[in-house]
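Novice: sharing a sequence plus its predicted fold:
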Amino acid sequence: MTLDDLAAALVARVPGVAPVDRIAHEHLPRGGFASAAVLVPLHVLHGEVHVLMIRRPMKMSRHAGQIAFPGGKIDPGEESLAAALREAHEEVGLEPARADVMGQLSETLVLASAFRLTPWVASVPYPYPYAAAPHEVDEILHVPLSALSRPGAHRVEPREVYGLKLDVHFFSFGKDVIWGATGRVLAELLSIWRAS
């Protein structure tokens, strides 16, 4: 599979929508779900496709120390793709024009912080002068898709959140565990990657 194959597969599919309409009124978070977007940046390193990810600082009030994709809240009047590209520029120094957007993955819920998240997949350059934004990013990681696909790297646990039974995906990567909405996005990406 190549990045071109992945781009063709993304164009050919209709992304899913977060299951907000299945949540009973009494289980909805106060104020509803805020909108957020992430960029899922892919590049080739040593002949292998990697995903660029970030480690959040431990001092953050939400998602402290977690491995995530560059991204954040969508500003009023902003499109989700524009927000994903803006956040990637702010957090890792990627110029928006250097991201070759391939398509959108399914919208998902961030269970810990009541966000409705739209992930966008893009091919990005490597090498490139990526730079971690102080106070927002502790480390930039280049994670090979093969490491996330190896036997035993992925597990799924059912959880009940907002009155729904949802699968929570966990990926082991070295000493780290990638999980939550990021894990759900990775699981969908890898499913498409393997099928294409």
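Specialist: Thanks, I have it.
Novice: can you list the low-confidence ranges for the chain?
Specialist: Where the chain drops to pLDDT under 70, the residues are 60-64.
Novice: elements contacting the lengthiest helix in it?
Specialist: Counting by DSSP state H, the longest helix found in the chain is helix 180-195. Packed against helix 180-195 by the contact rule (3 or more C-beta pairs under 8 Å, 6 or more residues apart in numbering; DSSP states H and E) you find helix 3-11, strand 34-45, strand 48-55, strand 108-110, strand 115-123, helix 145-149, strand 154-161, strand 164-173. In this view, the C-beta of every residue, glycine as well, is placed from N, C-alpha and C.
Novice: give me the sheet partners of the fifth one and which way each runs.
Specialist: So the one you mean is strand 115-123. strand 34-45 (parallel), strand 100-104 (antiparallel), strand 108-110 (antiparallel) (DSSP bridges).
Novice: what's the neighbour count on the spatially closest residue to residue 181 that is not a sequence neighbour?
Specialist: Counting by C-beta to C-beta, 6 or more residues apart in numbering, residue 181 lies nearest to residue 110, which is 4.4 Å off, once chain neighbours are set aside. One way to gauge burial is a neighbour count; for residue 110, by other C-beta atoms under 10 Å, it gives 21.
Novice: list the contacts of the closest residue to residue 10 other than its chain neighbours.
Specialist: Take residue 10 and drop its neighbours on the chain: the residue closest to it by C-beta to C-beta, 6+ apart is residue 103, 2.9 Å away. The neighbours of residue 103, taking C-beta atoms under 8 Å, 6 or more residues apart in numbering as the test, are 7, 10-11, 13, 15, 120-121.
Novice: ok, these vs residue 52, which is closest?
Specialist: Using C-beta to C-beta, residue 121 comes nearest to residue 52 of these, at 11.5 Å.
Novice: which SS class is the residue lying farthest from the centre of the chain?
Specialist: Of all residues in the chain, residue 26 sits farthest from the chain's C-alpha centroid, using C-alpha atoms, centre = their mean; the distance is 28.2 Å. Under DSSP: H, G, I helix; E, B strand; the rest coil, residue 26 falls in the helix class.
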